[in-house]
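Visitor: Got a sequence here, can you build the structure:
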Amino acid sequence: KQWYQRRVRGIGCLVYRIYHIATDYRIFDLDIQKLRNKLLRNGFPFSFVDSQIGRVLSRLRNPQNPKPNDSGKTEVLVALPFLGPLSYVIKRRLVKLVGKFYPTIQLKVVFRRGFRIRNLFSFKDKFPLKCFSGVVYKISCKNCGPSQAYLGKTINTLHERFFGANGHLHPSSSNSALLKHMDANPLCEFDFSSIEIIDKCNTDLKLRYMESIYLKFEKQTLNTQEWSIPLNIM
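Guide: Below is the predicted model of the structure:
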């Protein structure tokens, strides 16, 4: 009987973790199927696996109301963050106070992991803006705002498109609409960090179609070309 209970609790724990960790139903269903297949490959009966998964999911989706125990008191479960030895002191005081003022309630306190240093940091580093490639972008004049903006595309990195040879902000570039606007308006400038990425794609042909569509419908004035590829749009 002990080995049976251990297996029941083990499967229940795995299903419980999947239920709370999965961020959407698709991931949840995929993880449940992986767990189910692993259990079947390890010799667990088909009916046993499905019944245990169903039992846990049923309890999670339809939590039961607290029921009075043998002493006639209603059990109430409270989860608190664990703060070290202080947590046990708080637990004793809470149980004592509830028992004093609410004699029909039996308080049960459980502890969960509290705030951690890792909560201050994201799991992945942010990708530098200058390294983005295969994008449709838009940049506005810092002084004029959206009324003087440039919309374009690049299959290369944004840094290369703006600061490489013939780039938008390269001093030797002769066809840069951004440099021409700044020459005509000495108070104007373009901030590279203010670039807005509108769309992404991994091929230049698709980028040209996307740029053509955005050029037709987006309000911008510095890019005077009508399209990258002609579109049959009325």
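
Visitor: can you tell me which strand in this structure is longest?
Guide: Identified as the longest strand of the chain according to DSSP state E is strand 145-157.

Visitor: Render the CA-only coordinates of the following helix or strand past that strand in PDB, please.
Guide: Per DSSP states H and E, the first helix or strand lying C-terminal to strand 145-157 is helix 158-163. Output in PDB follows, covering the C-alpha atoms of helix 158-163 (Å, rounded to 0.1, in the frame of the first residue of the first chain):
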ATOM      1  CA  LEU A 158      19.800  48.800 -37.800                       C
ATOM      2  CA  HIS A 159      23.300  49.900 -36.800                       C
ATOM      3  CA  GLU A 160      24.600  49.200 -40.300                       C
ATOM      4  CA  ARG A 161      21.600  50.800 -41.900                       C
ATOM      5  CA  PHE A 162      22.100  54.100 -39.900                       C
ATOM      6  CA  PHE A 163      25.800  54.300 -39.400                       C
END
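
Visitor: got the contact list for helix 158-163?
Guide: By CB atoms under 8 Å, 6 or more residues apart in numbering, the surrounding residues in contact with helix 158-163 are 129-133, 135, 137, 152, 154, 167-170, 192, 195. For glycine as for every other residue, the C-beta is placed from the backbone atoms N, C-alpha and C.

Visitor: From those, list the buried ones, please.
Guide: For the contacts of helix 158-163, a neighbour count by 16 or more other CB atoms under 10 Å gives the buried set as 129-130, 132, 135, 137, 152, 154, 167-170, 195.

Visitor: Just the C-alpha atoms of the helix or strand of the chain with the lowest mean pLDDT, please, in CSV.
Guide: The weakest-scoring helix or strand in the chain, judged by mean pLDDT, DSSP states H and E, is helix 2-21 (a mean of 82). What follows is helix 2-21, C-alpha atoms only, in CSV (Å, rounded to 0.1, in the frame of the first residue of the first chain):
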residue,chain,number,x,y,z
GLN,A,2,2.9,2.4,0.7
TRP,A,3,4.3,2.1,-2.8
TYR,A,4,0.9,2.8,-4.2
GLN,A,5,0.4,5.9,-2.1
ARG,A,6,3.9,7.1,-3.1
ARG,A,7,3.1,6.8,-6.8
VAL,A,8,-0.2,8.5,-6.4
ARG,A,9,1.4,11.4,-4.6
GLY,A,10,4.2,11.6,-7.1
ILE,A,11,1.9,11.8,-10.1
GLY,A,12,-0.3,14.3,-8.3
CYS,A,13,2.7,16.5,-7.6
LEU,A,14,3.9,16.4,-11.2
VAL,A,15,0.4,17.3,-12.6
TYR,A,16,0.1,20.1,-10.0
ARG,A,17,3.4,21.6,-11.0
ILE,A,18,2.5,21.5,-14.7
TYR,A,19,-0.9,23.1,-14.0
HIS,A,20,0.7,26.1,-12.2
ILE,A,21,3.8,26.5,-14.4
